Structure formats: C-alpha cells, structure tokens
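Engineer: Sequence and computational prediction follow.
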Amino acid sequence: MKELILICIVAFVFIFGYLIMRKVDMFLAENNLQTKEHSPSSSLHIGFEAFDLVDQSAELLEHFSNKAPSCEIMLFYGSAEKIEKGLKNQELDFGFILDTCHDFSDGGFDSLLVSVKQGSVISNSVGLSVVPLDKSEKDLKIVWIADEGNHKKKMFAELLQSFFKEQLHSR
C-alpha cells in the first residue's frame, strides 16, 4: 500500500512539473516572439568576395560599431555568386564584391561602386604579412537590397555612402 501511495505521489510530482514546464515554455516562446517584433534585426550579415576586403573595411566597420554598439556584425566570405544568393535569400544584408562585371540587375539591388587600394594581409598560420604585387586600385561593388524597415541596415547603407564620399574628398 505504501508503494502505491509513493508511486501516486511521484507521478503527481512529475505531471505537475511537466505542466509547469509547459507553461514556462509557452511563456518564453511568446516573450521571444514579442522581443523579435519590437526590436528588428540587431545584427548585420556582410559577405566579402575576397578576404583582404575585410581588412580594408575595418575602419568602416569600426565607425558603424561606434554608431550602433548593440548591433552584432557577422562577416562571411565567398564567391560573388554565393553573395548574390545570400542577398536574395536574405541570409546576407550587404555584399562586397570585386567582380564588378557581375550583374545584379534582377532582384532590386542597390549598389555603390568605389575604388579601393589593395592592402597587405596578415597570415596567422605563417605569422607574416603578405604584400600584394599589384598595388593599383580595384573597383569594389557594394551591393544590398534596400529595406526601409530595418533601421540598422538603413544606417549602414547611409554610413557606406558618407564614408566613401569622405575618402574620395581626402585623396
């Protein structure tokens, strides 16, 4: 008899715990949904066609981080085709590509064409800097899909345009 009462009490505790955890899960899911609705994307996903473009964009990324310290910046690199696919699938917010012949005409892309100097890259595996043999400037196309609802994305696009205008005047 004592075992039956003990089994009933343990079963009751497990059922009661399950119901409480279900309520907590529902509350957290609803809270998470409300948080996402009230604070749109707090991160920017930026794709670079070449790894050395990341170093060259460091000052720009630092300016943005100072203006929007709560925004997380995630950097990726890959081919122009992968960047275009990422932009179309909304996996990337901005793409920095050297392939200026690549046509982004379909998809409603905004773009900015700028010239950048080729810089040296530091190789962690070797512990040395790698200096480019060709020090001429290359055209860089920065591509994004305009999204007026995304404040961080709009702020970064405006910063891009003002940043490269300032660099053009300083030359």
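Structural biologist: Sure thing, it's come through.
Engineer: Starting from residue 20, give me the distance back to the spatially most central residue of the chain.
Structural biologist: What sits nearest the mean C-alpha location of the chain, by C-alpha atoms, centre = their mean, is residue 45, with 1.4 Å. Distance of residue 45 to residue 20, computed by C-beta to C-beta, to the nearest Å: 38 Å. Yep, even glycine has a C-beta here, placed from its N, CA and C like the rest.
Engineer: ok, the least confident helix or strand in the chain by mean pLDDT: who's next to it in the sheet?
Structural biologist: The weakest-scoring helix or strand in the chain, judged by mean pLDDT, DSSP states H and E, is strand 121-123 (a mean of 72). Looking at strand 121-123 with DSSP bridges, its partner strands are strand 128-130 (antiparallel).
Engineer: and the strand it pairs with, how far from the chain's centre?
Structural biologist: When C-alpha coordinates are averaged (C-alpha atoms, centre = their mean, to the nearest Å), strand 128-130 and its chain have centres 27 Å apart.
Engineer: Quick check: beta-bridge partners of the residue nearest to the centre of the chain?
Structural biologist: On the basis of DSSP bridges, residue 45 is bridged to residue 74.
Engineer: Residue 91 is in contact with that one, correct?
Structural biologist: Yes - if you go by C-beta atoms under 8 Å, residue 45 and residue 91 touch, sitting 6.4 Å apart.
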